[in-house]
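Asker: Structure of the sequence below:
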Amino acid sequence: FFFSRLIFGTLYPAYYSYKAVKSKDIKEYVKWMMYWIIFALFTTAETFTDIFLCWFPFYYELKIAFVAWLLSPYTKGSSLLYRKFVHPTLSSKEKEIDDCLVQAKDRSYDALVHFGKRGLNVAATAAVMAASK
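Answerer: All right, here's what the predicted structure looks like:
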């Protein structure tokens, strides 16, 4: 599963995303952006579902079929999932998500400054101790 997912789930779409950027075709941009959003959600969900469902018969084959369905220009799976589920959900929760991201960014900056100061204090103390010996 790993190699088929790498090739068909990542490298193939990456190459066609490159082609879309190069051609500056807005329809292709949108198509591949929808794919990458769905693929990111799939990869995230897969991290947790693999633990519980890896014993399920044909589990890996179903995942390969799902990625193929997402990619297929005939089924337009990623576009369908994005338009039916992801876009409406993100649109309705966008304000809350943005607020959480801003808070997380602020907290991470504060934590970085705090630990940076502590690290400098430890280093300064060690330097003073070493110099006094």
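Asker: Look up how far Glu46 lies from the residue nearest to the spatial centre of the chain.
Answerer: Centroid check for the chain by Cα atoms, centre = their mean gives Ala40 as the closest residue, at 4.1 Å. Remark: distance between Ala40 and Glu46 (Cβ to Cβ, to the nearest Å) = 11 Å. (C-beta placed from N, C-alpha, C; glycine too.)
Asker: Please apply the same query to Tyr74.
Answerer: In terms of Cβ to Cβ, Tyr74 sits 24 Å off from Glu46.
Asker: Give me the more crowded residue out of those two.
Answerer: Glu46 (15 against 6; other Cβ atoms under 10 Å).
Asker: Could you check which helix or strand contains that one?
Answerer: helix 26-53 (DSSP states H and E).
Asker: Can you name the element that comes right after that helix?
Answerer: Following helix 26-53 toward the C-terminus (DSSP H and E): helix 59-71.
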